[in-house]
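Chemist: Okay, here's the prediction I keep looking at, along with the sequence it came from:
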Amino acid sequence: MEEDFELLAKFKKGDQHAFELLVRKHKITVFNTIYSIIGNAQDAEDIAQEVFLKVYTKAGSFKGKSSFSTWLYRITVNKCLDELRKRSNKIISYETEFNEEEKLKLKDVLASREKDSTEELRQKELQDIIQKAMNSLPEKYRIILTLKEIEGLSYNEISQIMKISIAKVKIWLFRARQKLKGKLTFFYPQGE
Amino acid sequence: MSCKKFRLLLSAYLDQEITKDEEEKLLEHLKKCADCARELEYLKEIKRVFLLKERKEPQEFFETRLFARIKNKEKQPIGQGYFSVFRKSILVILIFFLLIVGWVNYKKFFYHRPTEVISDLLIDTQLEENFEEELLEIYYGPLG
């Protein structure tokens, strides 16, 4: 974290290389967060560029009240919300229901806890299945699950990024998991 | 505490975001409630699903494309890009100024006129004379 502040301070003084280092350090985090929320790799790439463009232009306004990563996540989440709102005006539909083949694959992967020769291929398929389940959730649940499950952030960090109380973080995560459970019931031994 | 409240705690328990006291109560409840214990297993499975999700990387030359975009933005002529924000601000101020000028003129030509007409009607010489007589009576007693 200290390193981020130092790099940002150098960038504010005109050191372009410091900005490059910040991008290199955080690009995978930013890209994965966006991909998990938006559900499309090409769009995630474009939005990630927008995020760093904003960091480049707004670095001067960052006062350091929060950590750099919290600020970066906040910009990322806001850019995702902008994109989702733009999309709500267009008809973009992602397939969110699982077919029988996908259900079997997910069951299969979850049943085998050991790696085998076809692991890589199955992993790829599993990514698509998880993403499909995520795409079916309302935007706030997609965001909160991403920040918790993909990024592993604490409730306190999530509350700062989403500007909601910790109590709300608890409730939204609970509801998000309930909704996701509803989508993935087919692989539970006794679905509710 | 009801099962519904314990379910809410389960989610936070999974994230290790509950107090020691809450944890003790929850673990005690889980010993007695099979439904909540099963729910915890479901939630653990969901967490495992996410752990299986691998981290993706953006395409090659991400930084190169980004710096090209930054350069492009910086090269934009005045009136585009960042300067357009300034231009929009000027437009807002201009509209605000025109509204104020319009309102002042409206008050001057339309709002004040009825007041003047009313005051004209009030200037009645006979009424004024009576008023003066009444004042004299107040100060010096009845005339005559």
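Modeler: That came through, no problem.
Chemist: who in chain B is up against chain A?
Modeler: B:7-8, B:10-12, B:15, B:17, B:38-39, B:42-43, B:45-50, B:52-59, B:62-63, B:65-67, B:69-70, B:73, B:82 (C-beta under 8 Å from any C-beta of the partner chain). From N, CA and C alone the C-beta is placed, and that goes for glycine too.
Chemist: From these, which land in helices?
Modeler: Among these, the members falling in helices (DSSP state H) are B:7-8, B:10-12, B:38-39, B:42-43, B:45-50, B:62-63, B:65-67, B:69-70, B:73.
Chemist: hang on, the earlier thing: write the PyMOL selection for whichever of the residues of chain B next to chain A are buried.
Modeler: Buried residues within those, by 16 or more other C-beta atoms under 10 Å in any protein chain shown, are selected in PyMOL with:
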select buried, chain B and resi 7+8+10+11+12+15+17+39+42+43+46+49+50+53+58+62+63+66+67+70
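Chemist: can you tell me which residues contact residue 44?
Modeler: Just so you know, I chose chain A. Taking C-beta atoms under 8 Å, 6 or more residues apart in numbering or on different chains as the criterion, A:A44 is in contact with A:31, A:34-35, A:38, B:58.
Chemist: Chain B was what I was after
Modeler: By C-beta under 8 Å, 6+ apart, B:K44 lies in contact with B:L14.
Chemist: Looking at it now. What's its pLDDT?
Modeler: On pLDDT, B:K44 comes in at 88.
Chemist: How about the one 10 residues further on?
Modeler: What the model reports as pLDDT for B:E54 is 76.
Chemist: Show me how chain B divides into domains.
Modeler: Per automatic domain parsing, the domain ranges recorded for chain B read B:3-51, B:69-140.
Chemist: hmm, which two among the contacts of A:A44 are most spread apart?
Modeler: Pairwise distances across those peak at 13.0 Å for A:I38 and B:P58 (criterion: C-beta to C-beta).
Chemist: Need the winner for burial among the domains of chain B.
Modeler: Most buried of those by mean neighbour count (mean count of other C-beta atoms under 10 Å in any protein chain shown) is domain B:3-51; its value is a mean of 15.
Chemist: Now find how far off-centre it is within its chain.
Modeler: 37 Å (C-alpha atoms, centre = their mean, to the nearest Å).
Chemist: Show the end-to-end separation of it, please.
Modeler: 28 Å (C-alpha to C-alpha, to the nearest Å).
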